[in-house]
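Visitor: missing the sequence, but the structure's below:
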């Protein structure tokens, strides 16, 4: 029997797809700029085009992030991002153990998806860190790079622009790795495409 | 102290009198040791005979026959700012080192006023003391530049001998050097009154013509105009071959890359850490600025590749077990 749960309302699905597309553009253009060669040999696309696409995508991403925050404040979606202190490490370890061993032994999921508990503990902590730590750092430092005149010139003898950029590319890299893992873990549904379909239809489906 | 400095200055001065009471060449290394300023110029009193008019915005024109005296505006081209002159490269000079003694006659005779002024290489060229600055090579570069095509253009248009200061070579603040050097260009290229004295070309709108540059103000304050508007010459310190506008650098990666041309231009004097093996590639740029694409941290780069490869490996192994265990 297939259990169906409506977990992804329209606004989340639209926000999510926009976020995903923009993030892919930002990774592509960001890598292209960071590893540019003088003859264009390492550039994925032309530097000036990479800058333009990166800037425009980042501005849209920022607005999209604001939509996410407002959506979470205005709806009950924020409940999925509240981390409980009790059993935090034990739950996290149980989920990791399931991914590493349990799922290969056909064990039951330690934290089955319910209407109240959309994310497992590992998802919850990684999504909270990505959305409430990673994204703000990325947006604020990106804003600084877009308007370098607002940055502190020197911070303890080091260029403010350098610190900002290192923070930006480091966080960009961390979130890129997060995205890679996120995409892979989304193949861990009943079938590899099940969870992707959920983000289109809005319904989480699994066999009981 | 001032007298001692003046004595040192005169002792080390290498005097080269040319036929026409020519320039006094001084050992550049020794002159650099002396504090600049009117107090240390041995000829300041003599110079005042010229600066009493040329150092002021007005001068008195007197008719000795009628006794009529009128104030006249001193034309900009003939005005010498005392403060600028005594802080310039030629601060230790007497006016008559470069200008004829006949200028002591007033009103100046037309033949004197039409004297051919000295050019840089009349003093600096073919001289061992200045060999390292390669003025001869600069002359060749200049002659190939677009400026050389303009009638009436000379070294002085950019390097006013009465005020010019060497900047980049002794720079302690790259920002100030960039501002100083860019103002030399903008003196004509952003001032149509000066520009049209030399050419019939249309007025240049600097802001508009550079509208394609992202973060325009950051570029204008972080690099000199010549970074993009001259060809690179490895043998001289500052490139002088100004290129036609269609040959100017427009490809971002000329600077924003690990092979950044800024290392051969703006940062040429400070490139001791040039292309370090460990640490920041093009680390020298980081002293004063940060150029996306030109500054990369090798350690961060390697670390990111290791982490990325590690994640891919974990995913592949996990996927492998999923397939064989049908999980």
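Guide: Good, I have the coordinates. These numbers come from a predicted model, not from an experiment.

Visitor: make it CA atoms for all contacts and neighbour counts henceforth
Guide: OK.

Visitor: shaky segments in chain A?
Guide: A:1, A:38-43, A:208 (pLDDT under 70).

Visitor: whoops, I mixed them up, chain B
Guide: B:1-32, B:168-172, B:259, B:268-290, B:327.

Visitor: where do the strands sit along it?
Guide: With strands called from DSSP state E, chain B shows them at B:58-62, B:69-73, B:280-281, B:296-297.

Visitor: repeat that for chain A.
Guide: A:2-6, A:154-155, A:158-159, A:203-207.

Visitor: and residue B:237, how far is that from residue B:264?
Guide: Noted for residue B:237: a distance of 9 Å to residue B:264, by Cα to Cα, to the nearest Å.

Visitor: one more: residue A:168?
Guide: Taking Cα to Cα as the measure, residue A:168 and residue B:264 are separated by 28 Å.

Visitor: now residue B:145
Guide: 19 Å.

Visitor: contacting residues around the residue nearest to the spatial centre of chain B?
Guide: The centre of chain B sits closest to residue B:181, judged by Cα atoms, centre = their mean, with a distance of 4.6 Å. By Cα atoms under 8 Å, 6 or more residues apart in numbering or on different chains, the residues touching residue B:181 are B:167, B:224, B:225.

Visitor: longest single helix anywhere in chain A?
Guide: helix A:47-74 (DSSP state H).

Visitor: any buried residues in the longest helix anywhere in chain B, and which?
Guide: Under DSSP H, the helix in chain B containing the largest number of residues is helix B:298-325. Residues B:304, B:308, B:311, B:312, B:315, B:318, B:319, B:321 are the ones in helix B:298-325 that count as buried (16 or more other Cα atoms under 10 Å in any protein chain shown).

Visitor: could you do stretch B:46-64 as well?
Guide: Within stretch B:46-64, judged by 16+ other Cα under 10 Å, the buried ones are B:47, B:51, B:53, B:54, B:55, B:57, B:58, B:59.

Visitor: now swap in stretch B:33-47 and tell me
Guide: Those buried within stretch B:33-47 under the rule 16+ other Cα under 10 Å are B:34, B:35, B:36, B:37, B:38, B:39, B:40, B:41, B:42, B:43, B:44, B:47.

Visitor: go on, stretch B:75-87?
Guide: Judged by neighbour count using 16+ other Cα under 10 Å, the buried positions of stretch B:75-87 are B:79, B:80, B:82, B:85, B:86, B:87.

Visitor: and residue B:236, how many neighbours?
Guide: 18 (other Cα atoms under 10 Å in any protein chain shown).

Visitor: ok, the closest residue to it other than its chain neighbours to residue B:122 distance?
Guide: Among residues not flanking residue B:236 along the chain, residue B:134 sits closest, at 6.4 Å (Cα to Cα, 6 or more residues apart in numbering or on different chains). Distance, residue B:134 to residue B:122, using Cα to Cα: 13 Å.

Visitor: I figured residue B:265 hits residue B:232, correct?
Guide: Yes. Counting by Cα atoms under 8 Å, residue B:232 is a contact partner of residue B:265 at 7.0 Å.

Visitor: give me the more crowded residue out of those two.
Guide: Neighbour comparison, residue B:265 and residue B:232: the larger count goes to residue B:265, with 23 against 19 (by other Cα under 10 Å).

Visitor: which residues touch that one?
Guide: Counted by Cα under 8 Å, 6+ apart, residue B:265 has contacts B:227, B:232, B:237, B:238, B:239.

Visitor: in the longest helix of chain A, which residues are buried?
Guide: A:47-48, A:50-51, A:53-55, A:57-59, A:61-62, A:64-65, A:68, A:71-72.

Visitor: cool, and stretch B:249-257?
Guide: B:249, B:252, B:253, B:254, B:255, B:256, B:257.

Visitor: leaving out sequence neighbours, find the closest residue to the fifth one.
Guide: Ranked by Cα to Cα, 6+ apart and with sequence neighbours excluded, the top spatial neighbour of residue B:255 is residue B:261, at 5.3 Å.

Visitor: same thing with the first one?
Guide: In this structure, residue B:249 finds its nearest non-sequential neighbour in residue B:228, 4.7 Å apart by Cα to Cα, 6+ apart.

Visitor: near chain B, which residues of chain A are found?
Guide: By the rule Cα under 8 Å from any Cα of the partner chain, the part of chain A lying against chain B is A:33-40, A:47-48, A:100, A:103-106, A:146-149, A:158-159, A:161-162, A:173, A:177, A:181, A:184.

Visitor: now for residue 117, how many residues are close by?
Guide: Picked chain A for this. When neighbours are counted by other Cα under 10 Å, residue A:117 comes out with 15.

Visitor: you answered for a different chain; I wanted chain B.
Guide: Residues near residue B:117, counting by other Cα under 10 Å: 12.

Visitor: could I get the phi/psi values of it?
Guide: Main-chain dihedrals, residue B:117, degrees, to the nearest 10: phi -70, psi 160.

Visitor: residues in contact with residue A:177?
Guide: Contact partners of residue A:177, counting by Cα under 8 Å, 6+ apart, are B:308, B:311.

Visitor: and if we set it to 7 Å?
Guide: Residue A:177 sits next to residue B:308 when contact means Cα atoms under 7 Å, 6 or more residues apart in numbering or on different chains.

Visitor: gap between residue B:125 and chain A?
Guide: As defined by Cα to the nearest Cα, to the nearest Å, residue B:125 lies at a distance of 36 Å from chain A.

Visitor: tell me if I'm right that that residue and residue B:135 touch.
Guide: Yes. Residue B:125 is within contact range of residue B:135, at 5.6 Å (criterion: Cα atoms under 7 Å).

Visitor: what's the spacing between the residue lying closest to residue A:122 once chain neighbours are set aside and chain B?
Guide: Nearest residue to residue A:122, sequence neighbours excluded (Cα to Cα, 6+ apart): residue A:92, at 5.6 Å. Distance, residue A:92 to chain B, using Cα to the nearest Cα: 18 Å.

Visitor: tell me how far the nearest residue to residue B:179 once chain neighbours are set aside lies from chain A.
Guide: Closest residue in space to residue B:179, ignoring its immediate chain neighbours: residue B:221 at 6.9 Å, by Cα to Cα, 6+ apart. Distance, residue B:221 to chain A, by Cα to the nearest Cα: 10 Å.

Visitor: next up, the contacts around residue B:221.
Guide: Applying Cα under 7 Å, 6+ apart, the residues near residue B:221 are B:175, B:178, B:179.

Visitor: the first one: neighbour count?
Guide: This means residue B:175. Counted with other Cα under 10 Å, residue B:175 comes out at 15.

Visitor: and the second one, by the same measure?
Guide: Residue B:178 is flanked by 21 other residues according to other Cα under 10 Å.

Visitor: state the number of residues packed around residue 188.
Guide: Since no chain was named, I'll use chain A. 17.

Visitor: switch to chain B, that's the one I care about
Guide: 19.

Visitor: how close does the closest residue to it other than its chain neighbours get to residue A:181?
Guide: The spatial neighbour of residue B:188 that comes closest, neighbours along the chain excluded (Cα to Cα, 6+ apart), is residue B:195 at 4.6 Å. Residue B:195 is 60 Å from residue A:181, where distance means Cα to Cα.
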